[in-house]
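K.L.:
sequence first, then the predicted structure, then my questions.
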Amino acid sequence: MPYTVPKLTDFSESALELAVTELQRAFTEEANAVLEQSKSPRLSLVQKGNLFEEFRNRWQARKSGIATQVNDLWLREAPREGKRAAGQAVNKVRWWLEGQVPEIERNAMVLRSQTPAQRTREERLDITLPGIRRVIGAEHPVIKTMNEIVAVFRNLGYSVEEGPEVETDYYNFEALNFPPNHPARDTQDTLFIVGQEAKPLRDRLLLRTHTSPVQIRTMEKMKPPVRVVCPGKVHRNDAPDATHSPIFHQIEGLAVDTNITFCDLKGTLDHAMKALFGSSVKTRFYPSFFPFTEPSADVQISCIFCGGKGTRDGGPCRNCKASGWIELLGCGMVDPNVYGFVDYDPAKVSGFAFGMGVERIAILKYGVDDIQLFFNGDVRFLEQFG
Ligand code: PHE
């Protein structure tokens, strides 16, 4: 006998509880029967779909489904002193059913997502079936990290600028104070676009090797004060391995105003590193060289794996090669020569720039041991960031 909602005479809590349990038992039994039936190879997908729909309507249809009948027969009929308990029982039934029916519908969906080979031709053309819901993806860890870094600087009043990935020699090198044939160009492992030899050097196209050209583009179009971060993809002729990828991402920062000093640079980057890696992280500025900054520095942070001690688990810390420090980014005061290219007056303004590799920061933040994982599209890796 299929289940029908009983009329109640006893509205005590225990009687209501019994009625609820009985309803749940009946539902589960019927649901299992429907699932069993739906496995029959003789039924078409449309018929299976109908089976689930009928079942859903029997229990949930707004006008006369069992859930509605429960409301009518148990709550409305309850005498004044039984209303409270009846109300609770009815709510319980409704919530429980809400939770159960999607489960059944999911089963229906699995059936509908069988491969075309498993379906008949007629079924494949049934355009009345609801679509298959695609699972929502996760933000890619590189983009997620990039957004986090950008957010840190947005909070400091920086805005965001972008530039082209295919650049001219002028923006990638010359205006950044890399003269033609300067050895510093060799450090950039540049990928050049073919067939450019007929053009003057400064107009030849290449894949940008860093986001620093956006510094120049920004200063060309706005006067100081400037505070921008420039996130983007960059390219270098590097063979892929665990720590190198020919494509990666950088975020460049630039601040130009009157009276900007190295102290501002230190304070800004120290704040940013603490925001990204935790307030106990220390920073250290190490002399370095970039053609477009003078003085230049590499920024190191205290090793987040060994807390800066250089030892971990009784041995040397592998992550910082026992030094207690990890090198993270390049920076410096904008070289006055650069201002000459963008029509800024080096006697009036000063500023700093910095550039960081996004993958490198993501690797440290998430403990990833191979940069290739970011790019080969394995969902088992990516879904961990969902
Ligand atoms: N553009 C430099 C690089 O990619 C990094 C950098 C940016 C250094 C800004 C100093 C200032 O190597």
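P.N.:
The structure has been received and is ready for your questions.
K.L.:
make it CA atoms for all contacts and neighbour counts henceforth
P.N.:
Noted.
K.L.:
report the secondary structure state of Leu206.
P.N.:
Following DSSP: H, G, I helix; E, B strand; the rest coil, Leu206 is assigned to strand.
K.L.:
state the distance from the residue of the stretch 51-200 of the chain found nearest the ligand to Arg62.
P.N.:
The nearest approach of the stretch 51-200 of the chain to the ligand comes at Gln188, 7.3 Å away (Cα to the nearest ligand atom). Applying Cα to Cα, to the nearest Å, the value for Gln188 to Arg62 is 68 Å.
K.L.:
for those two, indicate the residue with more neighbours.
P.N.:
The neighbour count for Gln188 versus Arg62, taken as other Cα atoms under 10 Å, is higher for Gln188 (16 against 12).
K.L.:
what's the burial count for the spatially closest residue to the more buried one that is not a sequence neighbour?
P.N.:
Excluding its sequence neighbours, the residue lying closest to Gln188 (Cα to Cα, 6 or more residues apart in numbering) is Thr209, at 6.2 Å. Look at Thr209: counted by other Cα under 10 Å, it has 28 neighbours.
K.L.:
wait, a helix at Thr209?
P.N.:
No: according to three-state DSSP, Thr209 belongs to no helix; its state is coil.
K.L.:
could you verify my assumption that it touches His235?
P.N.:
Yes: in terms of Cα atoms under 8 Å, Thr209 counts as a neighbour of His235; the distance is 5.1 Å.
K.L.:
verify the stated contact: Lys48 with Ser38.
P.N.:
Yes: between Lys48 and Ser38 a contact is recorded at 5.5 Å, counting by Cα under 8 Å.
K.L.:
next, the contact list for whichever residue of the stretch 101-250 of the chain sits closest to the ligand, please.
P.N.:
Going by Cα to the nearest ligand atom, the ligand is nearest to His210 of the stretch 101-250 of the chain, at 4.6 Å. When contacts are counted by Cα atoms under 8 Å, 6 or more residues apart in numbering, His210 is found next to 172, 234-235, 250.
K.L.:
considering the residues you listed, which possesses the most neighbours?
P.N.:
Busiest of the contacts of His210 [other Cα under 10 Å] is Asn172, holding 27 neighbours.
K.L.:
how near is Leu23 to Val338?
P.N.:
Taking Cα to Cα, one finds Leu23 at 79 Å from Val338.
K.L.:
between those two, who's got more neighbours?
P.N.:
Between Leu23 and Val338, Val338 has the larger neighbour count (other Cα under 10 Å), namely 22 against 19.
K.L.:
return the helix or strand harbouring that one as CSV; C-alpha atoms alone will do.
P.N.:
Assessed by DSSP states H and E, Val338 sits inside helix 336-342. Output in CSV follows, covering the C-alpha atoms of helix 336-342 (Å, rounded to 0.1, in the frame of the first residue of the first chain):
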residue,chain,number,x,y,z
PRO,A,336,67.1,59.7,-12.5
ASN,A,337,68.0,58.7,-16.0
VAL,A,338,64.6,57.1,-16.3
TYR,A,339,62.8,60.4,-15.6
GLY,A,340,64.6,61.8,-18.6
PHE,A,341,62.6,59.4,-20.8
VAL,A,342,59.2,60.4,-19.5
